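Undergrad: Following is a predicted model, sequence given first.
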Amino acid sequence: MTFREDHEIHQRRFGRNLGVGLALAVFVAVVFGLTLAKVSGGGNIQGYDHSVRPALLPAEGE
């Protein structure tokens with residue numbers, strides 16, 4: 001059984017698919033990195049959910 005040589009359209013598709021795959025991998029890496037930064041104790045980070053957070057208010061002696 002012999003393999004035929006790929007048509008040039010397959011080569012172009014491969015290049016495009018490779019680009020889309022790399023862009024998706026970079027996006028996933030950025031989201032994962034931001035998640036790790038948020039979860040791994042980045043200081044006093046608290047989400048804003050339209051309610052008063054007593055932990056974010058200044059102390060009474062300040």
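TA: Cool, the structure landed.
Undergrad: so where's this protein shaky on pLDDT?
TA: Across the chain, residues meeting the criterion (pLDDT under 70) sit at 1-2, 41-53, 56, 61-62.
Undergrad: show me where it has helices.
TA: Counting by DSSP state H, one finds helices in the chain at the ranges 8-39.
Undergrad: For residue 37, see how far away the residue nearest to the spatial centre of the chain is.
TA: Closest to where the C-alpha atoms of the chain average out (C-alpha atoms, centre = their mean) is residue 31, at 1.8 Å. For residue 31, the distance to residue 37 equals 11 Å [C-beta to C-beta, to the nearest Å]. C-beta: built from backbone N, CA, C; applies to glycine.
Undergrad: Also residue 17?
TA: Counting by C-beta to C-beta, the gap from residue 17 to residue 37 is 31 Å.
Undergrad: Repeat that for residue 59.
TA: Distance of residue 59 to residue 37, given as C-beta to C-beta: 27 Å.
Undergrad: Done for today, thanks.
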